[in-house]
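> Here is my input, please return the structure:
(one chain, ligands or ions: 1)
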Amino acid sequence: MPRSFPIASIKGTAVRLHWTFVLVLALITLIVLISNGALAAAQVFLLVSLVFVCVVLHEFGHITVARQFGIETPEVILLPMGGLAKLQRIPSDPRQELAIAIAGPAVNFALFALLILFLGRWPDWGTLAGLAQGEINFVEQLAIFNLVVGLFNLLPAFPMDGGRIFRALLAFAMPHHKATRIAARVGQALAVVLGVVGLMAGNVVLAAIAVFVFLAATSEANLEKIRHAIGGTPVRNVMVTGQAQFLVTDHIGKAADAILASDNEEFPVLELDGRLAGFVLRADVLESIGDAGPEASICTIMRTDLPVVSLQHRAEKVAETIAGGAPIVGVIDSRGRFAGLVNWRNLLDALAIDEALRQQHRNRQTRFPL
Ligand SMILES: [Zn+2]
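Here you go, the predicted structure:
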C-alpha cells in the first residue's frame, strides 16, 4: 500500500502513517481550531494522537506474540479506522492464531484497567458527549476508547480480531478450511446486519465499516479456498510469465511504453546478468513519470523490498504472503534469474480454473455413470 510514510521503526517493524490518517487528524484539528480556538485544538490534537498510540500498542500486542512463533511483521500502517499489522503470514495452527488474535484486544483491556486505576473510579459515559462540546478529559476518554475498541474487535467477523478468534476456536473441532468457511459466512451475515442498522440509523461510518467487513470476509474465504484447492501445487503452476522485462540500465520512459502496450500491473527489472533486481509497478510509473521525466533511471522507482521465492515453493505460502499485504511475489530459478510472478488476481484465476475443471470432472461422472 503506497502513499504512506514511515514515522518510526520498532524492532524491525516499520510504523507507517497513511495519508488519509494525516488528513483526518489535520481536518479535526482545523475544525476545532476554527470553532473553539487554539487551546482546544491543541488538546484535541493531543487526544487523537494518544488514541493512535493506543492503536499502535494494540498492533504491537499482535506483533509481539507473532514473533514468539517466529512470524515477523515488516510493517504496521495507521489508517483513520485503525491499525493494520502486516504479518508475514497467518499461522494455520489454531493455537497460534488464537494467541496472536487475542493479544490485540488484551492490550486495550489492560490499558483500560490501568487508566481506570489512575482515574480511581468507573468512567462516566457522558464524557464522550462532552467531547463534541470541546470538553477534554484525557484519562477518562482514553479509558472509554480502549474499552470500546477492545470490545468492537471481539466481534466475530474478519478483519476484526474476533473473526480470527472465532475461526481458531472452530478449527480446534474441524478442518481449517471448514472453520474459515463458517467464520467467513458469519462475518458476512454480521456485515449485512451492521449495514442495515447503519443505513436505517443514517450512520455512514457504520455502513462503511459493514462494507469493509463484508469484503474482508470474502477475501479471507478466497484465501482459504486457494489454500485448500491449489495450495499444495508448486508456485511454477500458478505464476504469470510473459510480461515485459527491463534492465537496470533502462529508463522510466521504456516502462511507460510497456504499460501502454499491455494490461500488466507489475514488471520485473533484471541485472545485466539476468538475475532479478526488483520490480516496477504500473502505479509507480504513472505517478513518477511527470516529476522524474521519461529519461530518469528505472532504478529510481524500482521496488527491491517485494518478497521473492524459488520455483519449488508451494502456492499456499505465496497466497499467505499476498494476503498479508504484499502486492506480488516474485519467482526466481536456482540461479536467481527471473522466472515469473504471482499476484492476487492470477491466484483467483488459478482457483477459478481449478474449480471449473473439478466441476467438469463431476459432470462427466454424472453424465456417464458407466
Ligand atoms: Zn487487532
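> can you pull the buried residues of the stretch of helix or strand Val186 belongs to?
For Val186, the element it lies in under DSSP states H and E is helix 176-200. For helix 176-200, a neighbour-count test (16 or more other Cβ atoms under 10 Å) marks 176-177, 179-184, 186-188, 190-191, 194-195, 198 as buried. In this view, the C-beta of every residue, glycine as well, is placed from N, C-alpha and C.
> Please apply the same query to stretch 70-81.
Those would be 71, 73-79, for stretch 70-81 by 16+ other Cβ under 10 Å.
> Hmm, which of those residues is lowest in pLDDT?
Scanning the buried residues of stretch 70-81 for pLDDT, the low point is Leu79. It has 79.
> any idea how far that residue lies from Arg3?
11 Å (Cβ to Cβ, to the nearest Å).
> what do these two both touch?
His18 (Cβ atoms under 8 Å, 6 or more residues apart in numbering).
> okay, now Leu357: neighbour count?
Applying other Cβ atoms under 10 Å, we find 10 residues neighbouring Leu357.
> ignore the last one, Ser4
Neighbourhood size, Ser4 [other Cβ under 10 Å]: 20.
> Repeat that for Met160.
24.
> doesn't Gly150 make contact with it?
No: Met160 is not in contact with Gly150 according to Cβ atoms under 8 Å; the separation is 11.0 Å.
> Quick check: residues of this structure near the ion?
With Cβ under 5 Å from the ion as the criterion, the chain comes near the ion at residues 104, 161.
> tell me, which helix in the chain spans the most residues?
When the chain is parsed with DSSP state H, its longest helix is helix 38-68.
> now it, how far from the centre of its chain.
Put simply, helix 38-68 sits 18 Å off its chain's centre (Cα atoms, centre = their mean, to the nearest Å).
> before we move on, what about stretch 199-213?
20 Å.
> And it, what's buried?
206-207, 209-210, 212-213.
> Would you mind measuring from the residue in the stretch 201-350 of the chain that the ion sits nearest to to Ser92?
Nearest residue of the stretch 201-350 of the chain to the ion, counting by Cβ to the ion: Ala216, 12.5 Å away. According to Cβ to Cβ, Ala216 stands 18 Å off from Ser92.
> Next: Arg227.
8 Å.
> These two: who's more crowded?
Applying other Cβ under 10 Å to Arg227 and Ser92 shows that Arg227 carries more neighbours, namely 22 against 17.
> Now do the strands in the protein.
With strands called from DSSP state E, the chain shows them at 4-10, 13-18, 75-79, 82-86, 246-247, 266-270, 276-281, 308-310, 328-332, 338-343.
> Which of those strands comes out lowest on mean pLDDT?
Sorting the strands of the chain by mean pLDDT places strand 82-86 lowest, at a mean of 77.
> where's that strand relative to the chain centroid, distance-wise?
On Cα atoms, centre = their mean, the centre of strand 82-86 falls 7 Å from that of its chain.
> ok, now stretch 308-326?
Using Cα atoms, centre = their mean, the offset of stretch 308-326 from its chain centre is 15 Å.
> and the end-to-end length of it?
One end of stretch 308-326 sits 11 Å from the other (Cα to Cα, to the nearest Å).
> Could you do stretch 328-345 as well?
First-to-last distance for stretch 328-345 - Cα to Cα - comes to 10 Å.
> buried set for it?
Buried-residue list, stretch 328-345, by 16+ other Cβ under 10 Å: 328-333, 338-344.
> Tell me how this structure divides into domains.
The record's domain parsing of the chain by automatic domain parsing lists 1-153, 155-230, 235-353.
> for these, which one ends up most surrounded?
Highest mean neighbour count of the domains of the chain: domain 155-230, a mean of 19 (counted as mean count of other Cβ atoms under 10 Å).
> What is the end-to-end distance of that domain?
Terminal-residue distance, domain 155-230 (Cα to Cα): 30 Å.
> centre of the chain versus that domain, how much separation?
That offset, for domain 155-230, works out to 14 Å (Cα atoms, centre = their mean).
> State the mean pLDDT of that domain.
pLDDT averaged over domain 155-230 gives 86.
> so where is the stretch 251-370 of the chain shaky, pLDDT-wise?
For the stretch 251-370 of the chain, the stretches with pLDDT under 70 are 324, 364-370.
> go with 80
The model of the stretch 251-370 of the chain has pLDDT under 80 over residues 320-326, 351, 355, 358-370.
> Distance-wise, check the closest residue to Gln188 other than its chain neighbours relative to Gly126.
Once flanking residues are discounted, Gln188 sits nearest to Ala217: 4.7 Å by Cβ to Cβ, 6 or more residues apart in numbering. Using Cβ to Cβ, Ala217 is found at 35 Å from Gly126.
> Alright, that wraps it up for me.
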